[in-house]
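**Q** here you go, sequence then predicted model.
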Amino acid sequence: MKNKWIWILAAVSVLAAAVGIHFLPDTIPMHFDFAGNVDRYGSKYELFLFSGINLFFALFWHLFIRYYDRLLAESTEDKKRAELHTNRKVLGVVSVMTMLFMLAMQAAVMVMALRAGEKIQTMPHDFSTWILAALGVMLAVLGNLMPKSRRNAVFGLRISWTLANDRTWQAAHRFSGVLLCVTGILIAVCALVLGGMMAVYVCIGLLTAAMIAVFVQAYLVYKKYGKEEN
């Protein structure tokens with residue numbers, strides 16, 4: 001079912017761009033500097049870049065999920081099948097969330113582009129609010145999924161410390177999952193309360209602090225359990 005959703009979302013992205021260009025000015029803001037000022041304008045047809053990215057993601061996730069389906073069909077070991085089944089479900093949700101986030105980005109750019117006739121020179125307040133709120137929701141969902149994942153080649157905190165054995169993976173992902181979920185909620189709240197470039201700066205700080213905490217905790221877990229056998 002998740003495979004169908006990613007293709008539906010990709011189709012929505014293409015359709016939105018195809019319809020949207022008829023209502024937009026020829027030149028629209030396409031990039032902002034770190035101060036929030038527009039530093040590049042582009043053609044409205046660049047909106048199809050989002051559609052191209054969504055189509056790429058749809059194909060990427062479709063092939064990965066099919067790969068896991070094949071592994072699951074070929075596996076005969078109960079533990080391995082349980083791990084594959086869990087990761088297959090996690091990948092299904094991750095694929096939909098990444099597609100939804102890209103679609104939210106495209107929608108935000110299109111709404112902002114409708115105002116291009118106002119000669120936008122700085123990032124609109126609600127543009128950053130929309131993007132950061134969508135990012136926060138996505139991180140909260142992914143954080144909820146991390147403790148459910150098993151060691152795999154695609155999803156999660158895949159570093160040597162967490163991959164040492166099942167216990168280091170599970171301990172690190174329980175902590176990072178909770179932290180990522182909390183960070184996502186805080187980012188969404190900051191986006192809605194602060195907005196503008198202030199929200200961007202605060203959210204970058206939150207993400208940086210969270211990543212440092214995740215790596216420190218992963219190292220401590222490895223020092224404690226890293227020598228254990230699976």
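**A** Received it, and whenever you're ready, just let me know what you need. The shown structure was predicted, so the numbers you read here are calculated from the model rather than taken from an experiment.

**Q** longest helix anywhere in the protein?
**A** In the chain, with assignment by DSSP state H, the single longest helix is helix 78-113.

**Q** so what does it touch, helix or strand wise?
**A** Judged by 3 or more C-beta pairs under 8 Å, 6 or more residues apart in numbering; DSSP states H and E, helix 78-113 is in contact with helix 2-20, strand 27-32, helix 48-74, helix 125-145. (Glycine included, C-beta is placed from N, CA and C.)

**Q** out of these, which is the most enclosed?
**A** Of all those, helix 125-145 carries the top mean neighbour count, a mean of 20, counting by mean count of other C-beta atoms under 10 Å.

**Q** how distant is the longest helix of the chain from the center of its chain?
**A** Put simply, helix 78-113 sits 7 Å off its chain's centre (C-alpha atoms, centre = their mean, to the nearest Å).

**Q** excluding chain neighbours, what is closest to Arg158?
**A** The shortest distance from Arg158 to any non-neighbouring residue, by C-beta to C-beta, 6 or more residues apart in numbering, is to Asn152 (8.0 Å).

**Q** so the one you found is in contact with Asn87, correct?
**A** Yes - between Asn152 and Asn87 there is a contact at 4.7 Å, judged by C-beta atoms under 8 Å.

**Q** when those two are compared, which one has more neighbours?
**A** Asn87 (23 against 18; other C-beta atoms under 10 Å).

**Q** sorry, back to before: what about the residue nearest to Arg158, which SS state?
**A** Here Asn152 takes the coil state, with states given by DSSP: H, G, I helix; E, B strand; the rest coil.

**Q** distance of Gly52 from Asn144?
**A** 30 Å (C-beta to C-beta, to the nearest Å).

**Q** one more: Ala133?
**A** From Ala133 to Asn144 the distance is 17 Å (C-beta to C-beta).

**Q** helix, strand or coil for Tyr41?
**A** Tyr41 ends up strand, using three-state DSSP.

**Q** so how many other residues sit close to it?
**A** By other C-beta under 10 Å, the residues close to Tyr41 number 15.

**Q** that one and Pro29 touch, don't they?
**A** Yes - counting by C-beta under 8 Å, Pro29 is a contact partner of Tyr41 at 5.9 Å.

**Q** shared neighbours, the two?
**A** The overlap between the contact sets of Tyr41 and Pro29 (C-beta atoms under 8 Å, 6 or more residues apart in numbering) is empty.

**Q** any low-confidence regions in the protein?
**A** Low-confidence segments of the chain, defined by pLDDT under 70: 1-2, 33-36, 39, 115-126, 153-154, 228-230.

**Q** residue nearest the centroid of it?
**A** Thr98 (4.7 Å; C-alpha atoms, centre = their mean).

**Q** OK, contacts around that residue?
**A** 57, 61, 138.

**Q** looking at these, which is nearest Lys79?
**A** Of all the contacts of Thr98, Trp61 has the smallest distance to Lys79: 25.4 Å, by C-beta to C-beta.

**Q** please name the nearest non-neighbouring residue to the closest one.
**A** Ser95 (3.6 Å).

**Q** residues touching the one you found, list them.
**A** Ser95 neighbours (C-beta under 8 Å, 6+ apart): 2, 6, 57, 61, 64-65.

**Q** now, among the residues you listed, which is nearest to Ala210?
**A** Using C-beta to C-beta, the contacts of Ser95 come closest to Ala210 at Phe57, 24.1 Å.

**Q** so how far is Ala164 from the closest one?
**A** 31 Å.

**Q** how many neighbours does the nearest residue to His31 once chain neighbours are set aside have?
**A** Nearest residue to His31, sequence neighbours excluded (C-beta to C-beta, 6+ apart): Arg40, at 4.0 Å. Using other C-beta under 10 Å, the number of residues around Arg40 comes to 9.
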